[in-house]
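Engineer: here is a sequence together with a model predicted from it:
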Amino acid sequence: MLYQRSSQLFAEAEKVIPGGVNSPVRAFKSVGGTPIFVKEAKGAYLYDEDGNRLIDYINSWGPMILGHAYEPVVQAVIEKAKKGTSFGMPTEIETEIASLAISMVPNIDKIRFVNSGTEACMSAVRLARGFTSREKIIKFKGCYHGHSDSFLIQAGSGAVTFGAPNSPGVTMGTAKDTLLANYNDLGHVQEILENNRGEVAAIIIEPVAGNMGCVPPIKGFLEGLRALCDAHGTLLIFDEVMTGFRLARGGAQELFGVKADLITFGKVIGGGLPVGAFAGRHEIMDYLAPVGPVYQAGTLSGNPLAMAAGLTMLKSIESDLELFRRLEEKTAYLERGIRKVLMDRNIEHTINRVGSMISVFFDEREVLDFETAGYGNNDTFKKFFHGLLAEGVYIAPSSYETWFITDALTYEDLDYTINAVNKVFS
Ligand SMILES: *Cc1c(COP(=O)(O)O)cnc(C)c1O
């Protein structure tokens with residue numbers, strides 16, 4: 001495949017945009033080469049600026065669960081756009097999507113819409129701090145909750161440690177309020193809570209981690225967090241930006257039967273437009289302005305085009321009773337196919353999967369947390385990435401990312417992909 005035009009476009013982009021991209025993960029930093037510029041997409045396929053067709057396993061990092069340019073969403077956005085694109089005043093559609101989301105997701109009475117997953121997580125944490133009158137939060141190493149200051153914190157050493165910022169620009173003052181725990185390590189969380197008695201406002205977690213590759217919670221982990229939160233008067237925040245409306249209609253809460261106090265959304269809930277949201281019980285959500293004291297706002301929040309896309313997406317998911325079964329079956333098929341190839345070829349690997357989230361690590365040890373997620377052989381991953389790309393299969397350009405399976409994929413696409421994996425390692 002040729003990437004002449006993509007390379008030219010990237011060179012031009014680099015002159016006017018830092019690194020040529022508007023979000024770092026789009027650059028090919030960890031795999032080498034230059035990013036591919038997309039021209040258009042339909043269903044399961046991307047078409048790049050050089051005219052190549054690629055089977056897409058990223059799907060805009062999650063939102064396109066029903067495929068690209070999904071016709072009902074496209075139509076809804078076009079019709080809405082004709083009637084005005086932003087008002088800064090309430091509209092009926094905001095109540096419609098709020099009601100639908102609340103009917104689909106367990107344990108939420110009210111929801112507020114924002115413009116990104118970052119905003120949703122940042123606002124949920126502020127609300128949790130305001131509601132509990134506490135300042136500290138616990139987050140897990142390897143979990144991503146957007147790029148707001150409190151979340152860009154790196155591990156120090158020792159069992160209980162204050163975080164140090166892992167980006168310049170994040171102050172030590174902010175970092176000291178973020179406590180870091182190891183994913184899937186309940187004892188560690190308990191220790192941190194006991195050492196900070198009465199000070200921890202919230203624990204925020206990806207109930208299935210998706211930003212260190214796919215790392216599922218071990219049995220009892222989420223239940224254990226729930227019990228610890230109850231014992232310590234700490235709120236449990238499920239960051240379902242990735243898992244919401246993807247793992248089940250009601251997300252991870254439904255899948256694992258564990259209740260969170262606040263839930264954040266993004267990605268699928270916007271149907272491919274910039275939308276985030278956070279939700280919870282009445283008494284917590286009514287702590288928000290204008291009824292409560294915690295301030296949170298947005299000029300474009302609840303934007304009519306974004307709400308039209310999101311509402312249409314949620315309606316499609318809600319009315320398709322077989323969707324999650326199909327996604328499960330397709331992804332399980334892909335998992336089996338890839339595993340068989342890697343076993344036959346004697347390639348060390350671990351495949352983690354929950355529903356339509358899947359990732360391949362090139363190490364045979366179990367991947368349970370950020371440390372074990374780092375065991376994978378990055379040289380093998382690079383070969384895998386570029387090999388698949390040459391075959392017209394696009395996966396995330398980093399071994400720390402999950403693949404997001406779309407319902408638009410056919411079994412022919414999956415067979416093609418499995419065959420491509422075989423070619424890469426032959
Ligand atoms: C993508 C993501 C975010 C951030 O969402 P943005 O819309 O990129 O700001 C937050 N949390 C999780 C779990 C995510 O996957």
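Structural biologist: Received, thanks. Residues are numbered from 1 along each chain as shown.

Engineer: can we go C-alpha only for contacts and neighbour counts from here?
Structural biologist: Will do.

Engineer: around the ligand, which positions in this structure sit nearby?
Structural biologist: 116-118, 144-146, 206, 239-242, 266 (C-alpha under 6 Å from any ligand atom).

Engineer: go through these and flag which are in helices.
Structural biologist: Secondary structure from DSSP state H places 117-118 of these in helices.

Engineer: need the residues of the chain next to the ligand in a markdown table with distance to V393 and pLDDT, can you?
Structural biologist: Compiled in a markdown table, these are given as follows (distance: C-alpha to C-alpha, whole Å; pLDDT from 0 to 100):
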| residue | distance to V393 | pLDDT |
| --- | --- | --- |
| S116 | 28 | 98 |
| G117 | 27 | 98 |
| T118 | 29 | 97 |
| Y144 | 26 | 93 |
| H145 | 28 | 95 |
| G146 | 27 | 93 |
| E206 | 27 | 97 |
| D239 | 29 | 98 |
| E240 | 27 | 98 |
| V241 | 25 | 98 |
| M242 | 22 | 97 |
| G266 | 25 | 98 |
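
Engineer: show me what contacts the spatially most central residue of the chain?
Structural biologist: The centre of the chain sits closest to M242, judged by C-alpha atoms, centre = their mean, with a distance of 3.0 Å. M242 is in contact with 62, 210, 265-268, counting by C-alpha atoms under 8 Å, 6 or more residues apart in numbering.

Engineer: which of these has the largest number of neighbours?
Structural biologist: G266 (33 neighbours; other C-alpha atoms under 10 Å).

Engineer: from what I see, that residue and S116 are in contact.
Structural biologist: Yes. Between G266 and S116 there is a contact at 6.0 Å, judged by C-alpha atoms under 8 Å.

Engineer: which residues do these two both contact?
Structural biologist: With C-alpha under 8 Å, 6+ apart as the test, G266 and S116 both reach 275-277.

Engineer: out of those, who's the most crowded?
Structural biologist: A277 (29 neighbours).

Engineer: the shared contacts of G266 and S116 into a markdown table, with extra columns for pLDDT and secondary structure?
Structural biologist: Output for the shared contacts of G266 and S116, formatted as a markdown table (pLDDT from 0 to 100; DSSP: H, G, I helix; E, B strand; the rest coil):
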| residue | pLDDT | secondary structure |
| --- | --- | --- |
| V275 | 98 | coil |
| G276 | 98 | strand |
| A277 | 98 | strand |
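
Engineer: show me the contacts for A309.
Structural biologist: Counted by C-alpha under 8 Å, 6+ apart, A309 has contacts 73-74, 76-77, 270-273.

Engineer: switch those residues over to TSV; also include pLDDT, secondary structure and neighbour count.
Structural biologist: Below are these laid out as TSV (pLDDT from 0 to 100; DSSP: H, G, I helix; E, B strand; the rest coil; neighbours: other C-alpha atoms under 10 Å):
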residue	pLDDT	secondary structure	neighbour count
V73	98	helix	22
V74	98	helix	16
A76	98	helix	19
V77	98	helix	20
G270	98	helix	27
G271	98	coil	28
G272	98	coil	25
L273	98	coil	22
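
Engineer: out of those, who's nearest A396?
Structural biologist: G272 (17.6 Å; C-alpha to C-alpha).

Engineer: which elements pack onto whichever strand or helix holds R325?
Structural biologist: Assigned by DSSP states H and E, R325 belongs to helix 323-344. Under the contact criterion of 3 or more C-alpha pairs under 8 Å, 6 or more residues apart in numbering; DSSP states H and E, helix 323-344 touches strand 350-354, strand 357-361, helix 411-424.

Engineer: which residue does the stretch 251-400 of the chain have closest to the ligand?
Structural biologist: Residue nearest to the ligand within the stretch 251-400 of the chain (C-alpha to the nearest ligand atom): G266, separated by 5.7 Å.

Engineer: so who does that residue touch?
Structural biologist: 116-117, 120, 240-242, 244, 275-277.

Engineer: A420: which of those residues is nearest?
Structural biologist: Among those, and counting by C-alpha to C-alpha, the member closest to A420 is M242, at 26.9 Å.

Engineer: okay, now V291: neighbour count?
Structural biologist: 10.

Engineer: where's it relative to F404, distance?
Structural biologist: 38 Å (C-alpha to C-alpha, to the nearest Å).

Engineer: what of A81?
Structural biologist: Taking C-alpha to C-alpha, one finds A81 at 29 Å from F404.
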